[in-house]
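**Q** Got a sequence here, can you model it:
(one chain, ligands or ions: 1)
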Amino acid sequence: MELLDGKKLAQDIKSELRQAVDALLAAGKRAPHLAAVLVGDDPASQVYVRNKVQSCEQVGFRSSLIRLPADTPEAELLELVDQLNFDATVDGFIVQLPLPRHINEERITLAIAPEKDVDGFHPVNFGRMAQGLPTYLPATPYGIVEMIKRYELPTQGREVVVVGRSNIVGTPMAILFSRKGYPGDATVTVCHSRTADLAFHTRRADIIVAAVGIPELIKADMVKEGVVVIDVGINRIADPSREKGFRLVGDVDFEGVSQKAAFITPVPGGVGQMTVVSLLMNTLKAAQGEIYPKA
Ligand code: NAD
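**A** Next comes the predicted model:
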């Protein structure tokens, strides 16, 4: 079994990003600039946004964190989105989800200019992905694609089972694996909460992507020898032996499944590490006008 080491890959990518920033500065250009909007005080969102901002600093990007109170009216947030759309000093921005209930997430996502949508959530960018056109891939799928490429894992003709069909992980992963080219050309099965017999599908998978949110759902008897396992899940389970009283586990029973897997991502230290650097890679693309040429 070999670990798919997201931590190491993320470090490599960060040093590549630093070099890219140096090259931009040497060419007399400015550093890429990511803005992050955080509405309210959801504890998990605060941690995610803080990580994103810190990662920007580590690679020499400029970052701006815009915090708004939980009771911010939707119209005010839309106005801010509009300002950011037209702010030439901002290359890309994200509005951290989930938003407070009185704000319609879809309306906000649609209001973000696709050129600045470095989260890759706008339907225009999602549609471009589905058609195999250059786009900002959503961060987690982008991180998984990058991991597969850097470990040179073959996908052509492989049976891929994606467990979970969310818009941000499962569905884009299924699309990407089934597209022409690498890392695609696979035969993809999507399993979800209404799947009748999950184990039937996972047992014949060469590659499993688990993005469900159920701790250790995928057990050793549900996979075959030599499987490649990409565990996206991040779940807290109680653990009195830890100082914080909990530990993080994935959607895969790592201890059991790693006995049979050829490659597996750890949690933490796997996909999660790749997600943040993917946002930075998208921001660099935005700054360089790689997807949408700058006017
Ligand atoms: P979601 O909650 O939006 O969707 C969960 C999916 O799982 C649904 O499509 C549902 O149909 C499916 N599902 C539910 N029960 C199932 C079952 N018993 N069998 C098969 N499928 C079932 O999920 P999400 O936003 O994609 O997140 C999934 C997990 O990944 C969560 O633990 C989340 O915290 C984690 N996550 C991690 C990262 C990262 O960077 N590593 C990024 C995003 C999400």
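
**Q** Show me the strands in the stretch 151-295 of the chain, by range?
**A** Using DSSP state E, counting those that start in this stretch, the strands of the stretch 151-295 of the chain run over residues 159-163, 187-191, 207-210, 228-231, 235-238, 246-249, 263-264.

**Q** mind putting the ones you listed in CSV, distance to the ligand and mean neighbour count included?
**A** To be clear about C-beta, it is placed using only N, CA and C from the backbone, and glycine gets the same treatment. Converted to CSV, the strands of the stretch 151-295 of the chain look like this (distance: least, C-beta to the nearest ligand atom, whole Å; neighbours: other C-beta atoms under 10 Å):
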stretch, distance to the ligand, mean neighbour count
strand 159-163, 5, 26
strand 187-191, 5, 19
strand 207-210, 8, 28
strand 228-231, 8, 26
strand 235-238, 5, 12
strand 246-249, 10, 16
strand 263-264, 14, 22
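
**Q** nearest to Ile144, of these?
**A** Ranking those by distance to Ile144, with C-beta to C-beta as the measure, places strand 228-231 first at 5.6 Å.

**Q** Test my guess that Asp199 contacts Asp221.
**A** Quick fix: residue 199 is Ala, not Asp. Yes. The pair Ala199 and Asp221 qualifies as a contact (C-beta atoms under 8 Å) at a distance of 7.4 Å.

**Q** Mean pLDDT added to the strands of the stretch 151-295 of the chain, as CSV?
**A** Conversion of the strands of the stretch 151-295 of the chain to CSV gives the following (pLDDT from 0 to 100):
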stretch, mean pLDDT
strand 159-163, 99
strand 187-191, 98
strand 207-210, 99
strand 228-231, 98
strand 235-238, 95
strand 246-249, 95
strand 263-264, 98
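
**Q** got a markdown table for these, with distance to Glu16 too?
**A** Rendered in a markdown table, the data for those read as follows (distance: least, C-beta to C-beta, whole Å):
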| stretch | distance to Glu16 |
| --- | --- |
| strand 159-163 | 27 |
| strand 187-191 | 29 |
| strand 207-210 | 25 |
| strand 228-231 | 22 |
| strand 235-238 | 31 |
| strand 246-249 | 27 |
| strand 263-264 | 22 |
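
**Q** Show me what stretch 279-292 is in contact with.
**A** Contacting residues not belonging to stretch 279-292 are listed as 13-14, 17, 20-21, 24, 31-34, 52, 55-56, 59, 61, 91-92, 94, 114-116, 118-120, 134-137, 139, 142, 146 [C-beta atoms under 8 Å, 6 or more residues apart in numbering].

**Q** excluding its backbone neighbours, what's nearest Gly247?
**A** Slight slip there: residue 247 is Arg, not Gly. For Arg247, the nearest residue in space outside its immediate sequence neighbours is Asp239; the separation is 4.3 Å by C-beta to C-beta, 6 or more residues apart in numbering.

**Q** how about the strands in the stretch 1-150 of the chain?
**A** Assigned strands in the stretch 1-150 of the chain, in chain order: 2-3, 33-39, 62-68, 92-95 (criterion: DSSP E, counting those that start in this stretch).

**Q** Each with direction, which strands does the second one pair with?
**A** In this case it means strand 33-39. Using DSSP bridges, strand 33-39 pairs in its sheet with strand 62-68 (parallel), strand 92-95 (parallel).

**Q** could you give the mean pLDDT of that strand?
**A** For strand 33-39, mean pLDDT is 98.

**Q** Out of the strands of the stretch 1-150 of the chain, which one sits most buried?
**A** Relative to the other members of these, strand 92-95 carries the highest mean neighbour count by mean count of other C-beta atoms under 10 Å, namely a mean of 26.

**Q** does the ligand sit close to it?
**A** No. Using C-beta under 6 Å from any ligand atom, no contact is recorded between strand 92-95 and the ligand, whose separation bottoms out at 13.3 Å.

**Q** so where do the helices sit in this structure?
**A** All helices of the chain, identified by DSSP state H, fall at 6-26, 43-59, 74-86, 105-111, 123-130, 139-150, 170-178, 198-202, 254-257, 271-288.

**Q** What are the buried residues along the first one?
**A** The one in question is helix 6-26. Burial within helix 6-26, assessed by neighbour count using 16 or more other C-beta atoms under 10 Å, is assigned to 6, 9-10, 13-14, 17, 20-21, 24.

**Q** Going by distance to the ligand, which of these wins?
**A** For the buried residues of helix 6-26, the minimum distance to the ligand (C-beta to the nearest ligand atom) is 8.6 Å, reached by Gly6.

**Q** picking that back up, would you mind putting the buried residues of helix 6-26 into JSON lines with pLDDT alongside?
**A** Written out in JSON lines, the entries for the buried residues of helix 6-26 read as follows (pLDDT from 0 to 100):
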{"residue": "Gly6", "pLDDT": "98"}
{"residue": "Leu9", "pLDDT": "98"}
{"residue": "Ala10", "pLDDT": "98"}
{"residue": "Ile13", "pLDDT": "98"}
{"residue": "Lys14", "pLDDT": "98"}
{"residue": "Leu17", "pLDDT": "98"}
{"residue": "Ala20", "pLDDT": "98"}
{"residue": "Val21", "pLDDT": "98"}
{"residue": "Leu24", "pLDDT": "96"}
